[in-house]
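Colleague: Here is a sequence with its predicted model. Questions after.
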Amino acid sequence: MTVKIQKEDFDAPLEVGAMYDNCANPGAVVTFTGLVRSRDNDKELIALELEHYPGMGEKQLEKIVAEARKRWDLQDCLVIHRFGRLKPKEQIVLVACISAHRGDAFAAASFLVDWLKTKAPFWKKEIYADGSTWVQERREDIERAG
Amino acid sequence: MTVKIQKEDFDAPLEVGAMYDNCANPGAVVTFTGLVRSRDNDKELIALELEHYPGMGEKQLEKIVAEARKRWDLQDCLVIHRFGRLKPKEQIVLVACISAHRGDAFAAASFLVDWLKTKAPFWKKEIYADGSTWVQERREDIERAG
Amino acid sequence: MKLVYFAWVRERIGLDFEAVTPPQEVKTISALADWLCARGDNYRYALADRSAIRVARNQTFVGWDEAISEGDEVAFFPPVTGG
Amino acid sequence: MKLVYFAWVRERIGLDFEAVTPPQEVKTISALADWLCARGDNYRYALADRSAIRVARNQTFVGWDEAISEGDEVAFFPPVTGG
């Protein structure tokens, strides 16, 4: 079980590959990679600035991962969340869950991503040519995370 | 949208990386990799033999992918299914879905995997030191695929 | 008409595929299976329990009462276990 | 007591963090916010709409009525938007 908060980009296959050694009998691997979208409206995004709360970020991610392990039968799981200035198509977050069966891996990965959106102390600022705006929480995310 | 049925192993990151170019505004990438489990009971598995129906396999996979595209907003998706003799921890199947938002990517990937289990003409035979058995369909899979 | 068999259906019949010319009164897949079972024990062994067999006509899943015609490819196999 | 601010709360207050020593009668986070607002417009601008602010005590999410004590780290920030 690994949690990382970092400025640098991550190599998803390398990170997921390293998890295999921790797994006695892996059958299902589900990964989620979140990328910076170039636009959500008619304006072209220049960059995303991701601010985080050092210390609390790690704590929250570890809590979320512990909760997922309690709820589902996981052989290993990983969460990496980046901070700093990221350009469109850059990777923001990686979640990977390995279990014997697909049900656990899908449910846990989806849960981890939902929780990241509502419980991890990160804030996104969108940078456009004509200014910047802080991203607002989405009601949908709150309902999804329950 | 890509569908492949092959004997050779696949390089998941390479395959998924190639999909990015097809995507105008990717935000969420969900992948599922199915591996050969070394044991489901007290006996150690030597290998899995995967038989398939050439021709019908491709047709069914394309139907499933078309159905997923109808139901969810996907920028690209990929299904690779192997056949032949596979050893424990070898990769059997790869499903990858890219969309703007995580909801579509998770739902479509999960749907594709469920459908593969019940609609794709593949059959698994488990090879043990003392004999072999054809894997039986799981009621759970049928209900899950609806 | 081409018949194809997979997994334990293939093993029990002892053939991967074969070409057959059933008589004209064999108009459905169900009738085709009856006709095959009359040909030998291997077919009876393979096709005895129809609830355990799935069928496809021209590479599409169909039911037992599906009509068949000359030139069709008909497949008999157990429930699939891919993924 | 260490106070930390993030995102637009940080920008509006104009500080990343600061050390403060509120009077003894300031016993909850809510009272702490009132006390801060009395210190200047920047705090009032940042903390005016409490429904738009989340708070953490010692790096754990808490409610506005959470009791605070000396040596605590208290954080004010908008709803999170990670993932």
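Modeller: That came in fine, so what should we check first? Residues are numbered from 1 along each chain as shown, chains lettered A, B, ... in the order given.
Colleague: I'd like the average pLDDT over the lengthiest helix in chain A.
Modeller: Counting residues, the longest helix found in chain A (DSSP state H) is helix A:102-119. Mean pLDDT, helix A:102-119: 96.
Colleague: which other helices and strands contact that helix?
Modeller: Where contact means 3 or more Cβ pairs under 8 Å, 6 or more residues apart in numbering or on different chains; DSSP states H and E, helix A:102-119 is packed against strand A:28-35, helix A:56-71, strand A:76-82, strand A:91-99, helix A:139-145, strand B:28-35, helix B:102-119. No exception for glycine: its C-beta is placed from N, CA and C like everyone else's.
Colleague: Tell me the helix or strand right after the first one.
Modeller: Okay, so that is strand A:28-35. Once strand A:28-35 ends, the next helix or strand along the chain (criterion: DSSP states H and E) is strand A:47-52.
Colleague: tell me the angle of that following strand relative to strand A:91-99?
Modeller: Between the axis of strand A:47-52 and that of strand A:91-99 there is an angle of 60 degrees, by axes from the mean of the first three to the mean of the last three Cα atoms, to 10 degrees.
Colleague: What about A:Val29, how many residues nearby?
Modeller: Residues contacting A:Val29 under the criterion other Cβ atoms under 10 Å in any protein chain shown number 26.
Colleague: what pLDDT, on average, does the longest helix along chain C get?
Modeller: Looking across chain C with DSSP H, the single longest helix is helix C:29-37. Helix C:29-37 shows a mean pLDDT of 98.
Colleague: How about it, which residues are buried there?
Modeller: C:Ile29, C:Ser30, C:Ala31, C:Leu32, C:Ala33, C:Leu36, C:Cys37 (16 or more other Cβ atoms under 10 Å in any protein chain shown).
Colleague: Chain D: which of the residues you listed is nearest?
Modeller: Nearest to chain D among those is C:Ile29, at 50.9 Å by Cβ to the nearest Cβ.
Colleague: and the residue of chain C nearest chain B?
Modeller: For chain C, Cβ to the nearest Cβ, closest residue to chain B: C:Gly82, 2.8 Å.
Colleague: whoops, chain A was the one
Modeller: For chain A, Cβ to the nearest Cβ, closest residue to chain B: A:Pro13, 3.8 Å.
Colleague: Report the contact partners of that residue.
Modeller: Applying Cβ atoms under 8 Å, 6 or more residues apart in numbering or on different chains to A:Pro13 gives the contacts B:Ala12, B:Pro13.
Colleague: Specify the angle between the helix or strand it falls within and helix B:12-20 in degrees.
Modeller: Here A:Pro13 sits within helix A:12-19, counting by DSSP H and E. Going by the same axes, to 10 degrees, helix A:12-19 is angled at 160 degrees with respect to helix B:12-20.
Colleague: now the residue sitting nearest the centre point of chain A, which residues is it bridged with?
Modeller: Geometric centre of chain A, nearest residue: A:Val93, 3.7 Å, by Cα atoms, centre = their mean. Beta-bridge partners for A:Val93, by DSSP bridges, are A:Gly34, A:His81.
Colleague: With the one 4 residues further on instead?
Modeller: Beta bridges link A:Cys97 to A:Val30, A:Cys77, judged by DSSP bridges.
Colleague: That one contacts A:Val113, correct?
Modeller: No: assessed by Cβ atoms under 8 Å, A:Cys97 is found out of contact with A:Val113, at 10.3 Å.
Colleague: ok, those two, which is more surrounded?
Modeller: Counted by other Cβ under 10 Å, A:Cys97 and A:Val113 do not tie: A:Cys97 has more neighbours, with 30 against 25.
Colleague: show me the contacts for the residue of chain C closest to chain B.
Modeller: C:Gly82 makes contacts with B:Leu50, B:His52, B:His81, B:Val93, B:Leu116, B:Lys117, B:Ala120, B:Pro121, B:Phe122, B:Trp123, B:Lys124, as judged by Cβ under 8 Å, 6+ apart.
Colleague: how near is the second one to B:His81?
Modeller: It refers to B:His52. Going from B:His52 to B:His81 by Cβ to Cβ, to the nearest Å gives 7 Å.
Colleague: So what's the residue count around A:Leu74?
Modeller: A:Leu74, neighbours per other Cβ under 10 Å, totals 21.
Colleague: pLDDT at it, what is it?
Modeller: Looking at A:Leu74, its pLDDT stands at 97.
Colleague: give me every residue that touches it.
Modeller: A:Ala68, A:Cys97, A:Ile98, A:Ser99, A:Asp104, A:Ala105, A:Ala108.
Colleague: what do you get if the cut-off is 10 Å, keeping everything else the same?
Modeller: Neighbouring residues of A:Leu74 by Cβ atoms under 10 Å, 6 or more residues apart in numbering or on different chains: A:1, A:23, A:65, A:68, A:97-100, A:104-105, A:107-109.
Colleague: so which strand or helix has the closest residue to chain D within chain C?
Modeller: Relative to chain D, the nearest point of chain C is C:Gly83 (28.3 Å; Cβ to the nearest Cβ). In the assignment (DSSP H and E), C:Gly83 maps to no helix and no strand.
Colleague: Which residues of chain C lie near chain A?
Modeller: Proximity of chain C to chain A is confined to C:Gly83 under the rule Cβ under 10 Å from any Cβ of the partner chain.
Colleague: Whichever residue of chain C sits closest to chain A: what's it in contact with?
Modeller: As assessed by Cβ to the nearest Cβ, chain A sits closest to C:Gly83 within chain C, at 8.0 Å. Neighbouring residues of C:Gly83 by Cβ under 10 Å, 6+ apart: A:28, A:102, B:32, B:34, B:81, B:92-93, B:95, B:112-120, B:122, B:124, B:141, B:145.
Colleague: go again using 8 Å as the cut-off
Modeller: Counting by Cβ under 8 Å, 6+ apart, C:Gly83 has contacts B:Gly34, B:His81, B:Ile92, B:Val93, B:Val113, B:Asp114, B:Leu116, B:Lys117, B:Ala120, B:Phe122, B:Asp141.
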